[in-house]
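A.B. asks: coordinates for the following, if possible.
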Amino acid sequence: MLSDQEFLRQFDAGTLDLSGFDHEAHIRAAWLCLREAPFRDAVGRLRRGLKRLAISTGKPQRYHETITVAYTRLVQRQMRLLGDPAWPEFRSRSEDLLAPDLAALRAIYGADVLDSAEARKRFVPPPAWNIEPVERFLKEFAEYQEALDAREPEGGTTPGGWTGIERRAAEPVCVTAVLAVADVQRAAQFYANAFGFDVAPFPQHPPYQFALLSRGGAELMVRAAPDPAALRPSAGWALYVRLSGGRIRELYAKLAATCEIARPLQRMPYHDVEFEVRDPDGYIVVVSEWLDDAHDIPDAMDGDETA
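C.D. replies: Reported below is the predicted structural model:
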C-alpha cells in the first residue's frame, strides 16, 4: 500500500493507478486532504484531484459534486470522533463510511437525490438540513419562470422563431470558452500562473490534448490545435476576465514583467479598470475589475477623458 505522502502526491498529480481507485481510495483521499487543511481548502483540493482523475479517464462527467462534498463532511466528523488516528485504524473503525453502494449517504439522502443530474453538478444538502424557506423560494421562482417561458411573446414567437417550450428545453446551464492552442501544457500553465486556475489535463500524461481550467465558478478549456503552425488568433478580444478582490494592480505588475501587455491598465468610461495581455498563443485577454478607488490609474483616451 502506498504511504500517505506518496498517495497524496500521486493524487494531486493525477498519476494514481486508476484500476485501484475504488470507494475506499476516495475516502482515503478525503481523509488525507482533511489532515492537511481546513474543510473548505480540503474540499477544494479533493475536487481538483477527483476532476483531474475523471478527465484522465476520458469521462469528466463521472465527477459528482454532492457525493464529494457530503462524504468529506462525514469523514471530517468521523475524524473528530476518533481523534484523528492513522489510516489503518481510521479505516477499521469507519465501516459505515466504507460500505459499498454509497450506503452512508443514501441513509441520509434517501433513494433518488444522489442519482439526479442536479446533485451531480452542484452540492445538494441533505433533507435533514433546515432549508425549507430556501426550497420554498426556489420552487416558487421555478414556477414563475416556467409560466414566463410558456407565454407566447407578441407576434407569436421570439425573434429567433422559438416558442416558450423550445426555449426551456434548450436552456444552457453553462457556457465555457474553448481556445485552440499550439501547446496545451504551456497554455494551461500561463492561465494557472496568471489567474490561479486549477488544471485538469487529458490524457493522464503529456503530450496533453485538452485541459479544463477552473477556479470558483469560472471555467476555461484549451485544446490542441490540429495544425499548430496554422494557428491564427483573431486580432480582437478572445477572453474577458473579470476579477474580484481588488488585486488587479498586482496582477498587472506581475504580467507586465513576463508577458506582452497589449493595452496598459486604464480607467474606462464605464468605470471599470482594464488592461489587455497577450497569451502565449497570441490571444488577447482583457482583465477587468471594479475598484472603489482608482485615482492613480490613468483614464482611457476614448474621445473625451472621463474624470
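
A.B. asks: strands of this structure, residue ranges please.
C.D. replies: 177-181, 198-202, 210-215, 218-224, 237-242, 260-267, 273-278, 284-289 (DSSP state E).

A.B. asks: possible to save those strands as JSON lines with mean pLDDT and distance to residue 105?
C.D. replies: For the C-beta atoms, the positions are set from N, CA and C on the backbone; glycine is no exception. Formatted as JSON lines, these follow (pLDDT from 0 to 100; distance: least, Cβ to Cβ, whole Å):
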{"stretch": "strand 177-181", "mean pLDDT": "95", "distance to residue 105": "34"}
{"stretch": "strand 198-202", "mean pLDDT": "85", "distance to residue 105": "24"}
{"stretch": "strand 210-215", "mean pLDDT": "86", "distance to residue 105": "24"}
{"stretch": "strand 218-224", "mean pLDDT": "91", "distance to residue 105": "26"}
{"stretch": "strand 237-242", "mean pLDDT": "94", "distance to residue 105": "36"}
{"stretch": "strand 260-267", "mean pLDDT": "95", "distance to residue 105": "48"}
{"stretch": "strand 273-278", "mean pLDDT": "96", "distance to residue 105": "44"}
{"stretch": "strand 284-289", "mean pLDDT": "96", "distance to residue 105": "39"}
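
A.B. asks: among these, which comes closest to residue 90?
C.D. replies: Residue 90 sits nearest to strand 198-202 of all these, at 26.9 Å, using Cβ to Cβ.

A.B. asks: export that closest one as CSV, just CAs?
C.D. replies: Taking C-alpha atoms only, strand 198-202 is exported to CSV below (Å, rounded to 0.1, in the frame of the first residue of the first chain):
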residue,chain,number,x,y,z
ASP,A,198,-6.8,24.6,-11.3
VAL,A,199,-5.7,22.5,-14.3
ALA,A,200,-7.2,19.1,-15.2
PRO,A,201,-5.4,17.8,-18.4
PHE,A,202,-6.3,14.9,-20.6
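
A.B. asks: list the buried ones in that strand?
C.D. replies: Across strand 198-202, burial judged by 16 or more other Cβ atoms under 10 Å covers 198-202.

A.B. asks: could you find the closest non-adjacent residue to the residue sitting nearest the centre point of the chain?
C.D. replies: Against the mean C-alpha coordinate of the chain, by Cα atoms, centre = their mean, the closest residue is residue 214 at 3.7 Å. Distance criterion Cβ to Cβ, 6 or more residues apart in numbering; nearest residue to residue 214, sequence neighbours excluded, is residue 198 at 5.5 Å.
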